[in-house]
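[1] Make a model of this:
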Amino acid sequence: MKRTEENKPLYITMADDIRAGIASGKYPPGSRIPTEAELETIYGVSRITVRKAMELLVNEGAVTRRRKVGSFVSEKKMVRYLNKGMSFTQMCERNGSVAGARFLSAELVATWPCLTRELELGKGEDRVLCIRRLRTCNGIPVSIEENYFSRACSFLLSEDLEGSLYEILADHGIRIGNSEKTLGICYASKEQAEMLNVSEGEALIQMQDLVFDIEGKPIFRGKEIVDSGRFDYRIHQEA
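    Residues are numbered from 1 along each chain as shown. Okay, the predicted model is just below:
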């Protein structure tokens, strides 16, 4: 590869060409970009030039690197507003996508002091219902969901847990109101990496929710492990 008439550095010319390939569909969203060695051969440039070009594309968000896996064309991210009371299903619909859930497990587990207080469990209520699901968007796994309910919600065990929990709760007269959210970062375990198709040790978003009904009664405590490359988290603030 030679410099263009504009005398651009080789890595910029190479990045421009890959960017054009993404725009034309040569490299569709989610597809793998050739390896550094392959790019060296394709463009006839040095490894340093390849790395500078890829770094440029990563920094602008056109390409995503996955450790030990390779570089991939970035997919359009889902927008998730933290200050809007919206279920995962509603959020997907708002983004023009289809939500799904793969049931993982449902079992009664021992509660702990903090959870007992948050769910306002009564004396002698020492077990809660834990439901684990893998959430999907257009069939692609994007988050691992773990929700804890009081035993008053044991009716969930007889429901189709691959649909919307909010809709199931509404069918039983429970209307969701406000929630308290906490965001943090965690790193993918081997199990999480396999379920979300990311690299082990990759940074993920951990979101915890305490969800209330419209009367302010706590309904469930949730924890969600999210593929950080698939979401933009935003807060809408009005003047």
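[2] Scan this protein for its longest helix.
    helix 10-24 (DSSP state H).
[3] got the buried residues for it?
    Under the neighbour-count criterion of 16 or more other CB atoms under 10 Å, helix 10-24 has 10-15, 18-19, 22 buried. To be clear about C-beta, it is placed using only N, CA and C from the backbone, and glycine gets the same treatment.
[4] next one: stretch 29-42
    For stretch 29-42, the neighbour count (16+ other CB under 10 Å) marks 33-34, 39 as buried.
[5] same deal with stretch 217-233?
    Buried-residue list, stretch 217-233, by 16+ other CB under 10 Å: 218-231, 233.
[6] And stretch 140-157, by the same measure?
    Result for stretch 140-157 [16+ other CB under 10 Å]: buried residues 141-150, 153, 156.
[7] elements contacting the longest helix of the chain?
    Applying 3 or more CB pairs under 8 Å, 6 or more residues apart in numbering; DSSP states H and E, we find helix 10-24 packed against helix 36-43, helix 47-59.
[8] Would you convert these into JSON lines that also reports distance to His172 and mean pLDDT?
    Shown next, in JSON lines, are the helices and strands packed on helix 10-24 (distance: least, CB to CB, whole Å; pLDDT from 0 to 100):
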{"stretch": "helix 36-43", "distance to His172": "55", "mean pLDDT": "94"}
{"stretch": "helix 47-59", "distance to His172": "47", "mean pLDDT": "93"}
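[9] want to throw those into TSV with distance to Asn95?
    Converted to TSV, the helices and strands packed on helix 10-24 look like this (distance: least, CB to CB, whole Å):
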stretch	distance to Asn95
helix 36-43	32
helix 47-59	23
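[10] looking at those, which is closest to Val109?
    For those, the distance to Val109 is smallest for helix 47-59, at 40.9 Å, taking CB to CB.
[11] so what secondary structure elements neighbour that closest one?
    With contacts defined as 3+ CB pairs under 8 Å, 6+ apart, helix 47-59 has these neighbours: helix 10-24, helix 36-43, strand 63-66.
[12] what separates it from the chain centre, distance-wise?
    Taking CA atoms, centre = their mean, to the nearest Å, one finds helix 47-59 lying 26 Å from the centre of the chain it belongs to.
[13] Specify the angle between that helix and helix 10-24 in degrees.
    50 degrees (axes from the mean of the first three to the mean of the last three CA atoms, to 10 degrees).
[14] buried ones in helix 47-59?
    Buried-residue list, helix 47-59, by 16+ other CB under 10 Å: 49-50, 52-54, 56-57.
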